[in-house]
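Chemist: Here is a sequence with its predicted model. Questions after.
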Amino acid sequence: MLFERLLKEADEHNIRVYENPLSSKIKGLYGDGIVWLNRRLPTSIEKSCVLAEELGHYHTSSGDILNQKDIRNRKQEKRARNWAYEKLVPLEKFIEAYEAGVCNRYELAEFLDVTEEFLEQAIVHYKEKHGLFIQVGKHLVYFEPFGVFHLFNE
């Protein structure tokens, strides 16, 4: 299961993960080698998405970035989210889903073990990064409209 794999990765980096009741607006926090997840998160899938973002902070952020009015802090927040998108939704997984017969975004989110909202934001991230599409091996992954197409050999 994805959540357990992320917990193992956190442990490998000596990051402790705790679940505590937090403000309803806060899903998770990272600081000084500790991740706090909101105990009120309803599913392990949502916990995985939040934990991935908090691990993204470990890998990409520095300092106190709680004040999101500061553009530098917002940039660090975005970097951490982007890290999480690429961790949980790598481009190759779109192709695996296509080859497995996944037909819609709901099924794709289920296949990837992420929330639909997280999937949507990952697609937005890839569109910002690569434009409307990118070639991955013998496939084209289109971000708008979303789809995967197999390229034929000449």
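Modeler: Happy to help now that I have it. Numbers count the residues shown, from 1 in each chain.

Chemist: Would you map the helices across this structure?
Modeler: 2-12, 44-60, 71-88, 91-99, 105-112, 116-130 (DSSP state H).

Chemist: Now do the worst-scoring helix or strand of the chain on mean pLDDT: which elements does it pack against?
Modeler: Lowest on mean pLDDT, DSSP states H and E among the helices and strands of the chain sits helix 71-88, with a mean of 89. Applying 3 or more C-beta pairs under 8 Å, 6 or more residues apart in numbering; DSSP states H and E, we find helix 71-88 packed against helix 44-60, helix 116-130. (C-beta placed from N, C-alpha, C; glycine too.)

Chemist: Highest mean neighbour count out of the ones you listed?
Modeler: Most buried of the helices and strands packed on helix 71-88, by mean neighbour count (mean count of other C-beta atoms under 10 Å): helix 44-60, with a mean of 22.

Chemist: The least confident helix or strand of the chain: how far from the chain's middle?
Modeler: Relative to the chain's own centre, helix 71-88 is displaced by 9 Å; criterion: C-alpha atoms, centre = their mean, to the nearest Å.
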